[in-house]
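pasting the sequence and the predicted coordinates here, then a few questions.
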Amino acid sequence: MPGVFIPEKVLSTTASVGMRFFFKPSNIKQSIGCILISLLAFTLSVPAQAADNSSKPASKQSQKKVSKKSQVANKAGKRKKSTVVTKAVPVPKSMGHLAGLHRVDDPLDLESSVALVVDQETQEVLLSKNDQAVLPIASLTKLMTGLIISEAHLQMDEVITITADDIDTEKGSRSRLYVGAKLTRGELLHLALMSSENRAAHALGRTYPGGMGEFVSQMNAKATLLGMHDTVYVEPTGLSSKNRSSARDLAQLVNVASTDNILRELSTSQAHQIALGRKVLQFNNTNRLVNSPNWDIGLQKTGYISEAGRCLVMQARVAGRKLIMVFLDSSGKLARTADAERVRRWLENRFRTAHLGRPVERVELVGPV
């Protein structure tokens with residue numbers, strides 16, 4: 001029988017079986033069958049191996065693509081992280097803090113550098129802390145703005161248009177009253193007193209008979225008439241730190257303003273909706289205490305600019321007594337109302353003690369002015 005060539009791979013796969021029969025003439029049929037089976041196995045293994053070999057470069061390419069994508073993602077992530085890192089901007093100190101007024105300790109641990117509480121009917125001073133200090137008063141200015149408008153007896157239903165002149169160029173504050181918005185004088189007064197709306201207050205002064213200059217003159221003339229000798233106004237919003245006053249002067253202003261029914265109603269309003277074009281905008285009170293069942297507030301006004309800190313004035317009934325409260329230069333958004341709450345609880349306790357035959361203790365604290 002002539003020799004048959006068997007590939008090396010076939011030999012390796014059939015060494016234990018095929019070769020055993022290949023060299024035995026008596027098992028020719030078995031040998032041929034084994035050889036054919038081995039050749040068939042070899043033929044099937046070649047495409048499979050080719051498929052395996054062809055898939056290896058593809059997987060490497062895909063791995064390279066994935067690695068490139070991951071590198072790009074990592075680089076992008078690093079870039080994003082680097083842009084997120086920002087330096088903390090220090091909060092500018094108020095003039096009261098720069099003057100050292102906050103260093104004055106008081107038994108109530110008030111956050112406000114200046115505080116004054118007066119019995120409105122007896123004019124008795126119940127609490128006093130740096131009440132002679134003259135400081136910027138921020139939007140407490142709008143209380144005088146409202147008083148001048150109310151006493152001028154102007155038409156409250158007259159429509160006034162917000163103009164570019166009403167935009168805040170002093171602090172860059174925002175407003176929902178866009179240029180071209182039309183509101184009545186009464187609506188502007190409402191927003192100025194309740195929501196401390198700067199463009200509303202400026203528009204009230206701008207449209208006053210005689211213009212802005214005349215309006216500011218009337219503000220200062222009223223302050224002089226009321227004996228507010230520490231007070232000066234340069235504009236009607238309070239955005240300028242040149243608008244200044246003392247706690248004593250502000251207590252006098254609150255005393256007079258609280259007798260004006262319009263100012264009482266508008267300043268203590270919890271919320272008000274204004275229709276501007278196709279939108280209806282809701283404005284809320286800047287003093288959260290008007291929503292509290294623990295308070296009976298007759299008049300209020302808040303204020304804030306960095307030079308003045310957080311400010312608050314109120315006329316409120318506490319334990320059956322009408323009180324005037326003034327808080328200036330408080331640090332922290334909720335600190336001024338927290339001070340008011342602290343004073344209220346302290347006074348309620350004192351008044352209960354007074355009913356038992358003990359006199360109400362007066363707290364007076366004076367620091368550098």
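Yep, it's here.

ok, V290 - contacts?
268-270, 297, 300 (CB atoms under 8 Å, 6 or more residues apart in numbering). (Glycine included, C-beta is placed from N, CA and C.)

wasn't it part of a strand?
No: according to DSSP: H, G, I helix; E, B strand; the rest coil, V290 belongs to no strand; its state is helix.

what's the weakest-modelled helix or strand in this structure?
In the chain, no helix or strand scores lower on mean pLDDT, DSSP states H and E than helix 18-22, which sits at a mean of 40.

show me where the chain has its helices.
Counting by DSSP state H, the chain has helices at residues 8-14, 18-22, 28-84, 95-98, 141-151, 185-194, 198-206, 211-225, 247-257, 261-267, 335-355.

any idea which residue sits dead centre in the protein?
Centroid check for the chain by CA atoms, centre = their mean gives K333 as the closest residue, at 9.4 Å.

where does the nearest residue to that one once chain neighbours are set aside land on pLDDT?
Spatial nearest neighbour of K333, excluding adjacent residues (CB to CB, 6 or more residues apart in numbering): R310 at 6.7 Å. R310 carries a pLDDT value of 98.

what's the mean pLDDT across stretch 352-360?
Stretch 352-360 carries an average pLDDT of 62.

ignore what I typed, I meant stretch 213-229.
98.

which residues sit against that stretch?
144-145, 147-148, 152, 204-206, 208, 231-236, 245, 249, 252-253, 256.

how about stretch 156-165?
177-186, 188-189, 199, 202-204, 206-207.

send the alpha carbons of that stretch over as PDB?
Below are the C-alpha coordinates for stretch 156-165, written out as PDB (Å, rounded to 0.1, in the frame of the first residue of the first chain):
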ATOM      1  CA  MET A 156     -53.300 106.300  43.600                       C
ATOM      2  CA  ASP A 157     -55.000 105.000  40.400                       C
ATOM      3  CA  GLU A 158     -52.700 107.000  38.100                       C
ATOM      4  CA  VAL A 159     -50.800 104.700  35.800                       C
ATOM      5  CA  ILE A 160     -47.000 105.100  35.900                       C
ATOM      6  CA  THR A 161     -44.600 103.500  33.500                       C
ATOM      7  CA  ILE A 162     -41.300 102.000  34.600                       C
ATOM      8  CA  THR A 163     -38.400 103.600  32.600                       C
ATOM      9  CA  ALA A 164     -34.700 103.000  32.300                       C
ATOM     10  CA  ASP A 165     -34.200 105.800  34.900                       C
END
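
quick check: nearest residue in space to G298, chain neighbours excluded?
Q315 (4.5 Å).

oh, that last question was meant for A271, not what I typed.
N284 (4.8 Å).

my guess is that neighbour contacts S195, does it?
Yes: in this structure, N284 is within contact of S195 by CB atoms under 8 Å, at 6.5 Å.

out of these two, name the residue with the larger neighbour count.
Between N284 and S195, S195 has the larger neighbour count (other CB atoms under 10 Å), namely 21 against 14.

how near is that one to L188?
Distance, S195 to L188, using CB to CB, to the nearest Å: 11 Å.

just V125 next, same as before
35 Å.

again with F351
39 Å.

higher neighbour count, the two?
L188 (26 against 15).

ok, that one - contacts?
Here L188 is in contact with 160, 197, 200-201, 203-204 (CB under 8 Å, 6+ apart).

try 6 Å this time
200, 203-204 (CB atoms under 6 Å, 6 or more residues apart in numbering).

kindly report the same for I148.
Counting by CB under 6 Å, 6+ apart, I148 has contacts 218-219.

hmm, try it at 7 Å
215, 218-219, 222 (CB atoms under 7 Å, 6 or more residues apart in numbering).
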